[in-house]
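# Sequence first, then the predicted structure, then my questions.
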Amino acid sequence: GEDVEQSLFLSVREGDSSVINCTYTDSSSTYLYWYKQEPGAGLQLLTYIFSNMDMKQDQRLTVLLNKKDKHLSLRIADTQTGDSAIYFCALGVSGGYNKLIFGAGTRLAVHP
Amino acid sequence: GAGVSQSPSNKVTEKGKDVELRCDPISGHTALYWYRQSLGQGLEFLIYFQGNSAPDKSGLPSDRFSAERTGGSVSTLTIQRTQQEDSAVYLCASSLVPQGQAEKLFFGSGTQLSVL
């Protein structure tokens, strides 16, 4: 089955850029997603990218997709303390509905 | 309601007891999903509802797990004879299922289940 891998922890200084990486095994997903989970809260869709795109930019967020290497990344520019959360990479499994396969999540810690 | 609501937010139970977890999706959302989040692991898909039917229940870990949805709205996840390995956060999500578009899932805050 589909396997989605993420590093578990990332620490950055406030104001720096954060890059969260994700690798996957199945390349049939139409959409690839990034979700954010703040403490005690449910997951919130942050952004997504269509599989025929290489890059998508949305304000401070940049998503890069390398289909050849099956690698997805999320870059957060000018990282703030409010960005501290767990970030999940997810792939949509084909089948007419959105069954998502999630990675284990990367905990982003932002320090002054 | 404004968002997906789950209850209870926390549930502590003894091994062997049955538990029911409830999900109230966003009004009008036809698709409903249950996921399980275990410590240090990603979200694990459990079951998908379209309306009241469940075309994909492939993620239910055992026959102790069951779920139903009534009126195309509220869903209940039932775990019978709970085991310690059932301890996890159970998340519910709903969506509108737009055609040909990225499907945005709206998640509830989850039910933290602890089996002693």
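Received, thanks. Numbers count the residues shown, from 1 in each chain, chains lettered A, B, ... in the order given.
# Poorly predicted segments of chain B, please.
B:1, B:98-101 (pLDDT under 70).
# Contact distance from chain A - what residues of it qualify?
Residues of chain B found near chain A (C-beta under 8 Å from any C-beta of the partner chain) are B:4, B:31, B:33, B:35, B:40-45, B:48, B:50, B:55-56, B:91, B:93, B:95, B:97, B:102-105, B:107-110. Using the backbone N, CA and C atoms, a C-beta is placed for each residue, glycine as well.
# buried subset of these?
Among the residues of chain B next to chain A, those buried by neighbour count (16 or more other C-beta atoms under 10 Å in any protein chain shown) are B:4, B:31, B:33, B:35, B:42-45, B:48, B:50, B:56, B:91, B:93, B:95, B:102-103, B:105, B:107-110.
# give me the beta-bridge partners of residue A:92?
Note on residue A:92: beta-bridge partners by DSSP bridges are residue A:100.
# Next, the contact list for it, please.
With contacts defined as C-beta atoms under 8 Å, 6 or more residues apart in numbering or on different chains, residue A:92 is in contact with A:29-33, A:98-100, B:102-103.
# do residue B:92 as well
B:4, B:6, B:23, B:25, B:32-35, B:75, B:77, B:107-108, B:110.
# Now the nearest residue to it once chain neighbours are set aside: which helix or strand?
Counting by C-beta to C-beta, 6 or more residues apart in numbering or on different chains, residue B:92 lies nearest to residue B:23, which is 3.4 Å off, once chain neighbours are set aside. Per DSSP states H and E, residue B:23 falls inside strand B:19-24.
# Report all helices and strands that that strand contacts.
strand B:5-7, strand B:10-13, strand B:75-79, strand B:88-95, strand B:111-115 (3 or more C-beta pairs under 8 Å, 6 or more residues apart in numbering or on different chains; DSSP states H and E).
# and of the ones you listed, who's closest to residue A:38?
Closest to residue A:38 of those is strand B:88-95 (C-beta to C-beta; 13.7 Å).
# quick one: contacts of the helix or strand following the closest one?
Sequence-wise, the next helix or strand downstream of strand B:88-95 (DSSP H and E) is strand B:106-107. Strand B:106-107 is contacted from outside by A:35, A:42-44, B:3-4, B:25-26, B:29, B:91-95, using C-beta under 8 Å, 6+ apart.
# Return the residues of chain A in contact with chain B.
A:4, A:6, A:8, A:31, A:33, A:35, A:40-45, A:48, A:50, A:88, A:90, A:92, A:95, A:97-105.
# Just the buried ones from these?
By 16+ other C-beta under 10 Å, those give A:4, A:6, A:31, A:33, A:35, A:42-43, A:45, A:48, A:88, A:90, A:92, A:97-105 as buried.
# among these, which are in strands?
A:4, A:6, A:31, A:33, A:35, A:43, A:45, A:48, A:88, A:90, A:92, A:99-102 (DSSP state E).
# Need the worst-confidence member of those.
Of all these, residue A:99 carries the smallest pLDDT score, 79.
# Not counting its neighbours along the chain, what's nearest that residue?
residue A:93 (4.5 Å).
# check contacts around the one you found.
Counted by C-beta under 8 Å, 6+ apart, residue A:93 has contacts A:2, A:26, A:28-29, A:99-101.
# Then residue A:63?
So residue A:63 contacts A:32, A:34, A:47-49, A:55-57, A:72-75 (C-beta under 8 Å, 6+ apart).
# Counting neighbours, what do you get for residue B:65?
Residue B:65 has 18 neighbouring residues, counting by other C-beta atoms under 10 Å in any protein chain shown.
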